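Trainee: need a structure here:
(chains A and B)
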Amino acid sequence: MKSIDKQTEKIVLTAPPLEDETLDISPSEATALTETKTENSWGWLPILTLVSACALLLLAISNTAARAGTGWAQPLMWTALLTILVPTAVRLASPGASRNERIGLIVMVGLAIYMVKVLHSPLFFTFHDEFVHVRTADDILRTGHLFEKNPIIPVSPLYPALQILTTALLNLTGLDIYAAGILVVGAGRLLLVLALFLLYEEISSSARVAGLAVLVYMCNPNFVFYGAQFAYESLSLPFVAWVLFLVARRARLAGTDRVMTNLAVVLGLAVITTAHHLTSYAVVAFFALWAISGFLWRVLTKLAQRYTGQISNRELVRDIAQQLSPWWKGNWGSTHRTLDKSRPAGVMLLMAVACLSWLVYVATLTIGYLAPVLRDALAEVIRLIAGEAGRELFKGSSGQVAPPWEQLTAFGAVGLIMLGLLFGTLQIWRHYYNNTLALTLTIVALVYPASLAMRFTTAGWEVANRASEFVFISVAFIVAVGVERVLLNQGFKFSVPGFNLGSAIARRNSLIASRMNGLRAGVFTFCVGVAFVGGMIAGWPPFARQPGTYLVSADTRSIEPQGVAAANWAQKTLGPGNRMAADRINGLLMLSFGGQYMVLNVGDGVNVGWLFYARDVDTIARDVINKGNIRYVVVDKRLSKGLPQIGVYFESGEPDTNKHTKPLDLVKLEKFDRQAQVQRVFDSGDIAIYDVGELLNGR
Amino acid sequence: MVAKSLDLIIVVVVAIVAAALALAGVKYPAVQVLVGLPLVLILPGYALMSLLFTRRTYTIAEKTLLTIGLSIVITVISGFILNILPMGLQTTSWAIALGSVTLILSAAAFFRRQREGVVASSSSLISQPSSLSALTMSQIAMVGLAALIIFGAVEVSRSGINSEATAFTQLWMLPASETNQSMVKLGVSSGELTTTSYRVQLQAGNTVLKEWPSIELKPGEKWEATTDLSASVVNNIQIQSDKVEAVLYRLDAPQTVYRRVTLWSDK
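Mentor: Numbers count the residues shown, from 1 in each chain, chains lettered A, B, ... in the order given. Here you go, the predicted model:
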């Protein structure tokens, strides 16, 4: 039935398994059997852990230098990142590493790269979305209950799984919200890399392919920062991998184990449903695709059999009917191989019902929240196709252009991934043609080239960038299969047919083979390095990759102690829940650290940008104050010192959104000092807080 | 049989200790983290995994995955259940919920193992130390050194945050209460890098109503004072202006206004 090819570490199935029979050997067991270094199965892991730790220390030094505006900080950052990645890539490409070592390496690298984000913001959260989710967690702590209103992202409290976990940890450990948050997201990161490894191993039956695939996954543009932030995707995505692994695994299980695995799958789906809207919809779509592709594959197989005369018309109709009749049992994804019993249709139906129920009974706001984002992205893509001007690549909102080497590396990364996809797809077709999960991953990987086109639009860029974390689950596997089959697994032999060239030639062959293997590993490592650096360049603007001196409206680079202290002062002195108007950055700080209610277009239909753009406290300004029922206004004088790095000072819809050419006028910001009855209650140098309550009608 | 379920006994003991510490309100951060962290991220999932998967031999990686994943699942579902109860999501309810769930699942796993004659080795993380024992002393030393270096990296990164560019001082002035508008509260907080001396003046127009000539604050320190503006008189000086202003000077630059806040006196 089964044997193991010791050279390729693959399970070779010589006949299909019987129905309802559990295989007595798993891919993990199979690869474990082929391990050559059982005496010391951790191999290079300890030394590479030490190397990565030293690289993190270099990165910390680099971050400190970047805060002082030193020029060598960024080269040192890239050096540190590649020091983490390159040695591990070399080892994972090597055939000599054991399964344990490969798992240890991908866990170590996954967590080391997570530490990159922690070292970026070591005292408090600094990423835009993090503040919104911190506010949701704060509300849970304050009220003891879920679903409180969040003025910036209204759907955040409606998907509270991350915050439930964080507040549980906070309550039981006494940690603050930052420490609890980084532990929770760290646990998610561990879960993600482990689940991906086991999923890829389950499909490929190779620990080597699995290790390479996880490494390629780490090259997605959002792995370093976006996927490591305190946001709902950081919990939902690991559970996608978790569920996929369990569904793939259960195909080989029977009896109680299968029932229990089903239960674990259902529990995992529950977490995804309550953790993140788009992830849950993506899961439904993926399982639907898996089910449909499985069904189509089966039908095509039968048609081919009919075409070659192996079956009659009557048998063809009967077989197709058999495929359709038990659809409710989830047999759509059936093939005759080990993934026969994955039954993705059942999972798809279950998840669809769960999503719909959650949407209808709990999270109805989600439609209104997501629709404009998707509509804008679609409209921009259509305009792009029509030939209208789109987004200029490598150029920031403040006019900063990425240096040529960054542009070249980013294009190189895309090119290498496309090449990997090409070779990988061919290898999938050759070696996994009857594995419906592998075929489904291949179809999903085709989204990657399409998503590249979306990067030419402003709204589409955001959608494409965020989607990369999901799409790369497929891309990574396809590329890894291509790399392993085409690049790393070609044995080198020098021989003359019919002649025994003797032991000298054999030794020479061995030497050349060894050097060729080293060369191949070197090529792979170089490609991974380019893909990783290029991914970071494509996914994250230059100013946000490291901490540094203050920049205007630059999210992470605008979060600094003065703003945090002002928000803390507001919480303690003014009390929480005051209706406030502020710029984007101080709004985030007041929302999270300050516990204030920020008046915004998304929550109140009032764009406070117009209040700040007025030269005096005129009719427009008073109108905004009254419509928003605003009590306090936070003014940051630094807005007059530069263009907004992310395109807006306040929020989308303000004057000159994404088209600012000159900084905000200081005279406009100081208008409240010239206005009678407006109290200037707080001053910390750059930031002032005004009480505008006397301007409200009816007072 | 009990000896073969040593893993579950450890789980139960840690869960009880963690829940008891939380319920007793013990405030020893290191101890809280040491037992609280497993109660959320490890113990419930481990107990559930032991209950669900007794037969198959899983590798350490798979068990770790199931343990953490199931723990998160249980915590999230518990959160939703606690939300519909009056007590809500708070320390006491979390300790009771996760503690009791862990105990119940551990007991169920123990009895399932007994009934099916399963030994701990097939489902326990604790009984699979073979891979860990493959680490040599030098390798353990390397991993330990790596942990120390990472700790150092975090400290280096943290130390770089406060610099001259981020130093600041806060000044504020508010009515002392909503009901008594004539009493005002003044405050100064230092976010400077070194001890700094200040002077605060309360002014109405060009008249200095009150002055605090020397306020010395270390980094992070705060100064507060409450003053009565009633009857428009402070220190026998008649207030001429509608606007009262508090001005802060640094003593190392006594002529330059460093911070300024205002209050309209009729408020």
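
Trainee: switch to C-alpha atoms for all contacts and neighbour counts from now on
Mentor: Fine.

Trainee: Contacts only, for whatever residue of the stretch 251-400 of chain A ends up closest to chain B.
Mentor: Residue nearest to chain B within the stretch 251-400 of chain A (Cα to the nearest Cα): residue A:260, separated by 5.6 Å. Shown in contact with residue A:260 (Cα atoms under 8 Å, 6 or more residues apart in numbering or on different chains): B:52, B:53.

Trainee: So what's the gap between the host helix or strand of it and the chain middle?
Mentor: Residue A:260 belongs to helix A:255-275 when assigned by DSSP states H and E. In terms of Cα atoms, centre = their mean, to the nearest Å, the centre of helix A:255-275 is found 22 Å from the chain centre.

Trainee: ditto for stretch A:400-417
Mentor: 20 Å.

Trainee: Could you do stretch B:43-52 as well?
Mentor: With Cα atoms, centre = their mean, you get 28 Å for stretch B:43-52.

Trainee: Can I get that stretch as PDB, trimmed to CA atoms?
Mentor: Extracted in PDB, the C-alpha atoms of stretch B:43-52 (Å, rounded to 0.1, in the frame of the first residue of the first chain):
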ATOM      1  CA  LEU B  43      -4.500  24.600  30.100                       C
ATOM      2  CA  PRO B  44      -8.100  24.600  28.800                       C
ATOM      3  CA  GLY B  45      -6.900  23.500  25.400                       C
ATOM      4  CA  TYR B  46      -4.600  20.900  26.700                       C
ATOM      5  CA  ALA B  47      -7.500  19.400  28.800                       C
ATOM      6  CA  LEU B  48      -9.800  19.400  25.800                       C
ATOM      7  CA  MET B  49      -7.200  17.900  23.500                       C
ATOM      8  CA  SER B  50      -6.600  15.100  26.000                       C
ATOM      9  CA  LEU B  51     -10.300  14.500  26.000                       C
ATOM     10  CA  LEU B  52     -10.900  14.600  22.300                       C
END
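
Trainee: which residues sit against that stretch?
Mentor: Under Cα under 8 Å, 6+ apart, the answer for stretch B:43-52 is A:257, A:260, B:8, B:11, B:15, B:63, B:66-74, B:98, B:101-102, B:105-106, B:108-110, B:112, B:123-124.

Trainee: do the same with stretch A:63-83
Mentor: By Cα under 8 Å, 6+ apart, stretch A:63-83 touches A:51-52, A:55-56, A:58-59, A:62, A:113, A:119-120, A:529, A:533, A:546-549, B:156-157, B:159-161.

Trainee: quick one: buried residues of that stretch?
Mentor: Neighbour-count burial for stretch A:63-83 flags A:63-68, A:73-74, A:76-77, A:79-83 (criterion: 16 or more other Cα atoms under 10 Å in any protein chain shown).

Trainee: So for stretch A:361-368, mean pLDDT?
Mentor: Average pLDDT, stretch A:361-368: 91.

Trainee: Now do the end-to-end distance for that stretch.
Mentor: End-to-end span of stretch A:361-368 (Cα to Cα, to the nearest Å): 15 Å.

Trainee: All the strands of the stretch 151-267 of chain B, in order from the start?
Mentor: Using DSSP state E, counting those that start in this stretch, the strands of the stretch 151-267 of chain B run over B:169-175, B:183-190, B:196-204, B:207-217, B:222-228, B:233-234, B:237-238, B:243-250, B:253-264.

Trainee: Out of those strands, indicate the one that is most buried.
Mentor: strand B:169-175 (a mean of 24; mean count of other Cα atoms under 10 Å in any protein chain shown).

Trainee: Do any residues in that one lie close to chain A?
Mentor: Yes: Strand B:169-175 reaches chain A (Cα under 8 Å from any Cα of the partner chain) through B:169, B:170, B:171, B:172, B:173, B:174.

Trainee: Next, the angle strand B:253-264 makes with that strand.
Mentor: Per axes from the mean of the first three to the mean of the last three Cα atoms, to 10 degrees, the angle that strand B:169-175 makes with strand B:253-264 is 30 degrees.

Trainee: tell me how far strand B:169-175 is from the chain's mean position?
Mentor: 27 Å.

Trainee: tell me the angle of it relative to strand B:243-250?
Mentor: 160 degrees.

Trainee: Could you name the helices and strands sitting against strand B:169-175?
Mentor: When contacts are defined as 3 or more Cα pairs under 8 Å, 6 or more residues apart in numbering or on different chains; DSSP states H and E, strand B:169-175 packs onto strand A:679-683, strand B:183-190, strand B:253-264.

Trainee: so what strands line up beside it?
Mentor: strand A:679-683 (antiparallel), strand B:183-190 (antiparallel) (DSSP bridges).

Trainee: of those strands, which approaches residue A:655 most closely?
Mentor: Closest approach to residue A:655 among the strands paired with strand B:169-175 is made by strand A:679-683 (25.9 Å; Cα to Cα).
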